[in-house]
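**Student:** sequence unknown, structure follows:
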């Protein structure tokens with residue numbers, strides 16, 4: 001049994017039934033064989049054994065009162081995984097599927113994503129199995145206040161700075177920040193994704209989608225191509241998908257799909273800015289289902305399906321983990337897809353990734369492609385620390401610079417270790433080496 005296999009076996013024995021976490025660790029560690037051969041000092045210092053074990057795991061109950069006067073109880077999490085290069089940083093997810101294994105997978109991924117941004121941020125993630133859908137504003141507020149009452153003692157601007165994720169938008173961030181301020185009696189940059197009028201950053205809602213497209217644009221440049229005229233399929237219909245579509249339109253592409261948990265719409269004429277505005281109002285304000293888009297514009301609606309059967313040149317999975325399996329990946333490649341940018345976290349299964357790599361398509365893994373969101377959260381932290389607010393053009397410029405740096409670091413690491421053009425290997429290695437060196441510098445902590 002190789003050293004990497006020993007670590008994977010250790011992870012599975014210590015963390016039974018946490019399959020998403022196993023998958024995330026396996027995906028990263030399989031890329032590190034050449035690194036461990038080149039740096040035996042990492043093995044001597046037990047870097048991998050330390051890396052796969054969170055520094056701190058927080059689980060707590062979240063009691064709250066419904067509008068009917070009934071007591072409800074949810075479970076809260078915060079995984080503070082690695083702080084070698086900065087305070088823990090990562091979003092909070094409110095969704096019924098949230099469990100310990102998913103939180104650990106997301107926090108583990110966050111370590112390398114944050115490392116790639118070039119900013120001083122460690123890896124963390126958190127959330128709850130609470131579902132904001134169908135709840136009144138007052139119910140969401142009471143839940144958020146109860147959640148933060150426990151979480152506040154474990155976070156801080158130099159300790160752990162959560163952000164939003166699935167189910168946690170500006171409303172939820174506002175309710176949690178108000179409770180933090182009330183309890184701690186301080187106004188600090190302890191959460192990102194705040195409203196602009198009280199410490200938020202311009203471009204933050206757009207950042208993950210924009211960043212994903214920026215990285216894909218850099219990958220295309222290596223083959224002297226652009227997005228002009230390319231048909232693109234996008235999954236999801238939240239922030240990431242919306243602003244992926246918007247940036248694709250700016251670059252001359254033709255996005256044709258959006259989806260939600262019920263199904264997807266295919267608009268063969270293309271989703272233009274006017275249609276996108278309708279989709280944003282539908283999902284952000286009315287919180288309706290994407291089928292209404294099909295009804296409004298005469299597009300096709302595919303109930304209970306994902307959009308990967310639609311022929312395209314570029315695909316942007318922007319919904320959730322494991323939404324592209326081996327068969328979906330084969331279909332995309334067969335139908336002419338040449339570039340994939342992952343707007344979601346780990347949206348492609350290991351078998352699907354193998355299909356993309358064997359087909360030699362431009363595949364940008366999530367820890368690189370969707371790092372724009374956390375990068376802009378880091379820029380929000382900087383603005384909060386200086387009590388400044390940068391104009392949108394400044395934030396967007398810095399975001400693009402960061403995404404170009406991520407692309408170049410991943411491409412260089414892949415080439416240096418004998419895997420030119422393999423952005424999976426490159427992103428994993430580049431993200432890991434920075435964290436490993438910091439852990440070495442700081443001793444056995």
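**Tutor:** Yep, it's here. Given the structure is predicted, the values throughout are model-derived calculations rather than measurements.
**Student:** in the stretch 301-445 of the chain, which spans are strands?
**Tutor:** Applying DSSP state E, counting those that start in this stretch to the stretch 301-445 of the chain gives strands spanning 314-316, 339-341, 362-364.
**Student:** and the stretch 51-200 of the chain, by the same measure?
**Tutor:** Using DSSP E, counting those that start in this stretch, strands in the stretch 51-200 of the chain cover 56-65, 71-82, 88-94, 122-128, 160-164.
**Student:** got the ones you listed as TSV, with mean pLDDT columns?
**Tutor:** Shown next, in TSV, are these (pLDDT from 0 to 100):
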stretch	mean pLDDT
strand 56-65	98
strand 71-82	98
strand 88-94	97
strand 122-128	98
strand 160-164	97
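**Student:** so of these, which one's packed in deepest?
**Tutor:** strand 122-128 (a mean of 29; mean count of other Cβ atoms under 10 Å). Every residue, glycine included, has its C-beta placed from N, CA and C.
**Student:** mind giving me the packing neighbours of that one?
**Tutor:** Packed against strand 122-128 by the contact rule (3 or more Cβ pairs under 8 Å, 6 or more residues apart in numbering; DSSP states H and E) you find strand 71-82, strand 88-94, helix 100-116, helix 137-151, strand 160-164.
**Student:** list the helices and strands the last one packs on?
**Tutor:** In terms of contacts (3+ Cβ pairs under 8 Å, 6+ apart), strand 160-164 is packed against strand 71-82, strand 88-94, strand 122-128, helix 170-184, helix 372-386.
**Student:** at 6 Å instead, please
**Tutor:** strand 88-94 (3 or more Cβ pairs under 6 Å, 6 or more residues apart in numbering; DSSP states H and E).
**Student:** and the contacts of the strand it packs on?
**Tutor:** For strand 88-94, the external contacting residues (Cβ atoms under 6 Å, 6 or more residues apart in numbering) are 80, 107, 110, 114, 121-122, 124-128, 130, 132, 160-168.
**Student:** next one: stretch 334-344
**Tutor:** Against stretch 334-344 from outside (Cβ under 6 Å, 6+ apart): 212, 216, 240, 244, 311-320, 361-366, 369-370.
**Student:** just the buried residues of that stretch, please?
**Tutor:** Neighbour-count burial for stretch 334-344 flags 335, 337, 338, 339, 340, 341, 342, 343, 344 (criterion: 16 or more other Cβ atoms under 10 Å).
**Student:** still on that earlier bit, now, the contacts of stretch 334-344 that are in helices?
**Tutor:** Using DSSP state H, the members of the contacts of stretch 334-344 that fall in helices are 212, 216, 240, 244, 366, 369.
**Student:** what residues are up against the residue minimising distance to the centre of the chain?
**Tutor:** Closest to where the C-alpha atoms of the chain average out (Cα atoms, centre = their mean) is residue 345, at 4.6 Å. By Cβ under 6 Å, 6+ apart, the residues touching residue 345 are 106, 109, 321, 366.
**Student:** do the same with residue 57
**Tutor:** So residue 57 contacts residue 79 (Cβ under 6 Å, 6+ apart).
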